[in-house]
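Participant: fold the following and give me the result.
(one chain, ligands or ions: 2)
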Amino acid sequence: MGRENFPDRFKHLDFMKMDRRTFLKAVGALGASLFLQTYRSDIVKALEFAETRIVWIHGGECTGCSESLLNGGEPDVLQAFDRLNIRLEYHELLLGQQGIYVDGEMVNTSELNSEILFEEVIEEAGYILVVEGAIANGPKGTGKYIILGGKTYKDIFRKAAENASLIVAVGQCATNGGVNSADSDIKDLMDFRGVAFTMEDGEKGMLQELGIEKPVININGCPPHPDWMLLTLGAVVLGKIKIPDDLPEVLDQWLRPKVFFPPDSVIHDNCPRRGFYDKGEFDTVVSGEKCLWKLGCKAPYTHADCAIRRWNGYHSLCPQSGSPCISCVSPGFPDSSRPFFQEIEDVGIAGTNIDTVAKVAIGASLLAVGAHAIRRVAVKEAPEGKEPEEAPGKEPEEVPGKKAGKDEGEDQ
Ligand code: SF4
Ligand code: SF4
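Facilitator: Residues are numbered from 1 along each chain as shown. Ligands and ions are numbered 1, 2, ... in the order given. Sure thing, here's the model as predicted:
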């Protein structure tokens, strides 16, 4: 696949000579496949001696984020990691036959026993820690509601986080607690936490609970798009995002990369059904072909590039396939998106009000400006989280996870 398929403004650019701003625009415009295929030789050259180690752990979740990553297609995750010279040292879902017992026999080598492997990898330190799933703090701060191999997941997370250079939280459960932290009779008892936030509370992340300061990138979504995960890791590995110095500029207030979660646009802007909205033609049952606003579509105030990037091999997105957007990337999801399939009341539909909602969200002033008018809007991407400069972690490190003494390539 050649550069002739690129958007015009990127056709004549040399990727390895791009500055960070241009690079991030490029990864925003390109899919992982096009990006990795086109620049394969450049990437290999730049990373000839560099290797990045990744440790990927799982807490309270459905493994949907890893499955989304595996659905990345062309290139698949193993090809992408190979091209980026990433060594996936530990990943519970993808590990080969592992356990304390294998084929009925007790094993005590790191090749066969994942607990031993985990301890060895963690001891080496300096890796990128990818966290999938929420972390149980309950009951009463003990973390005993998730036990893995006789240890609490809270303790496993603590050890892995302490020795990491960077933490990348993937999926809604890891970023903000997700379904684990949703309102329920057992919510307080279970006390599930996200890495740096619990729902929209920036003081209740598990890192804050443990008193650990580390740089964090959140890749929201239930699940996240494979490109969001692969391209973020790619940008970090290639040194295009310097950790932690560049984070305040490249992340939003929820620690999400702005390139994939643009603060100045919403999914509704580029929805293929927008023409029906403009004409005031709305579906009242799912799987129709018209605008889904009356079915509770929340894309008008959801900041993500789903409608441009699209899913399932860059072919479709939720509203396109007949289901309203439920704003699965919003920090307060799922509570902030409920009820899923009801028209948002008190906002109005045809004409102008839907745009007003989007503008309010874009201006990040939903609460201050429009709360009285849109008090029944469920999703609020309001700036109640911490400012980027308060992002955890201050330790300077050029490329997290990269082994000392490795060549990083040029960053001009
Ligand atoms: S309300 Fe939803 S379905 Fe309708 S045009 Fe906007 S994004 Fe598309
Ligand atoms: S369109 Fe909405 S519900 Fe679908 S993946 Fe994007 S943010 Fe999530």
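Participant: rest of the way, CA atoms for contacts and neighbours
Facilitator: Noted.
Participant: what segments of the stretch 1-150 of the chain are helices?
Facilitator: Secondary structure of the stretch 1-150 of the chain (DSSP state H, counting those that start in this stretch): helices at 20-29, 32-38, 40-46, 64-70, 77-83, 114-124.
Participant: show me what residue of the stretch 101-250 of the chain gets nearest to ligand 2.
Facilitator: Shortest the stretch 101-250 of the chain-to-ligand 2 distance, computed as C-alpha to the nearest ligand atom: residue-wise this is residue 221, at 6.0 Å.
Participant: run a quick neighbour tally on that residue.
Facilitator: Using other C-alpha atoms under 10 Å, the number of residues around residue 221 comes to 23.
Participant: show me what contacts residue 189?
Facilitator: For residue 189, the contacting residues are 138-140, by C-alpha atoms under 8 Å, 6 or more residues apart in numbering.
Participant: would residue 168 count as being in a strand?
Facilitator: Yes. Assignment of residue 168 by DSSP: H, G, I helix; E, B strand; the rest coil places it within a strand.
Participant: which residues does the residue of the chain most remote from its centre bridge with?
Facilitator: When distances to the mean C-alpha position of the chain are computed (C-alpha atoms, centre = their mean), the maximum falls on residue 105, with 38.5 Å. Partner residues in beta bridges with residue 105: residue 102, with DSSP bridges as the criterion.
Participant: would you check how far apart it and residue 120 are?
Facilitator: With the distance defined as C-alpha to C-alpha, to the nearest Å, residue 105 ends up 21 Å from residue 120.
Participant: mind saving the C-alpha coords of the helix or strand where residue 248 lies as PDB?
Facilitator: Remark: residue 248 resides in helix 247-250, with elements defined by DSSP states H and E. Output of helix 247-250 as PDB, limited to C-alpha atoms (Å, rounded to 0.1, in the frame of the first residue of the first chain):
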ATOM      1  CA  LEU A 247       1.600  14.600  28.000                       C
ATOM      2  CA  PRO A 248       0.000  17.900  29.100                       C
ATOM      3  CA  GLU A 249      -0.200  19.000  25.500                       C
ATOM      4  CA  VAL A 250      -1.300  15.700  23.800                       C
END
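Participant: now do the buried residues in that helix.
Facilitator: Neighbour-count burial for helix 247-250, with 16 or more other C-alpha atoms under 10 Å as criterion, is recorded at 247-248, 250.
Participant: and stretch 102-115, by the same measure?
Facilitator: Applying a neighbour-count criterion of 16+ other C-alpha under 10 Å, the buried positions in stretch 102-115 are 107, 110, 112-115.
Participant: go on, stretch 57-65?
Facilitator: Counting neighbours by 16+ other C-alpha under 10 Å, one finds that the buried residues in stretch 57-65 are 57-61, 65.
Participant: and the strands in the protein?
Facilitator: With DSSP state E as the criterion, the chain has strands at 52-58, 86-91, 101-102, 105-106, 127-132, 135-136, 147-148, 151-152, 164-170, 192-193, 216-219.
Participant: next to ligand 2, which bits of the stretch 201-350 of the chain? Give me the list.
Facilitator: Counting by C-alpha under 6 Å from any ligand atom, the stretch 201-350 of the chain comes close to ligand 2 at 299, 306, 317-318, 325-329.
Participant: got a pLDDT number for the nearest residue to residue 77 once chain neighbours are set aside?
Facilitator: Once flanking residues are discounted, residue 77 sits nearest to residue 70: 6.0 Å by C-alpha to C-alpha, 6 or more residues apart in numbering. The predicted local confidence for residue 70 comes out at a pLDDT of 87.
Participant: surely residue 226 is in contact with residue 69?
Facilitator: Yes. Using C-alpha atoms under 8 Å, residue 226 makes contact with residue 69 at a distance of 4.6 Å.
Participant: using JSON lines, lay out the buried residues of stretch 57-65 together with distance to residue 340 and pLDDT.
Facilitator: Conversion of the buried residues of stretch 57-65 to JSON lines gives the following (distance: C-alpha to C-alpha, whole Å; pLDDT from 0 to 100):
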{"residue": "57", "distance to residue 340": "30", "pLDDT": "96"}
{"residue": "58", "distance to residue 340": "27", "pLDDT": "96"}
{"residue": "59", "distance to residue 340": "26", "pLDDT": "96"}
{"residue": "60", "distance to residue 340": "23", "pLDDT": "96"}
{"residue": "61", "distance to residue 340": "20", "pLDDT": "94"}
{"residue": "65", "distance to residue 340": "21", "pLDDT": "95"}
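Participant: closest to ligand 2 out of the residues you listed?
Facilitator: Checking those against ligand 2 by C-alpha to the nearest ligand atom gives residue 65 as the nearest, at 12.0 Å.
Participant: so who does the closest one touch?
Facilitator: Residues in contact with residue 65 (C-alpha under 8 Å, 6+ apart) are 132, 170-171, 222-224.
Participant: what about those, which one has the most neighbours?
Facilitator: Looking at those with neighbours defined as other C-alpha under 10 Å, the largest count falls to residue 171 at 31 neighbours.
Participant: quick check, residue 172 in contact with residue 225.
Facilitator: No. In this structure, residue 172 is not within contact of residue 225 by C-alpha under 8 Å, at 11.9 Å.
Participant: who's more crowded, the two?
Facilitator: Set side by side, residue 172 and residue 225 show unequal neighbour counts under other C-alpha under 10 Å, the larger going to residue 172 at 32 against 25.
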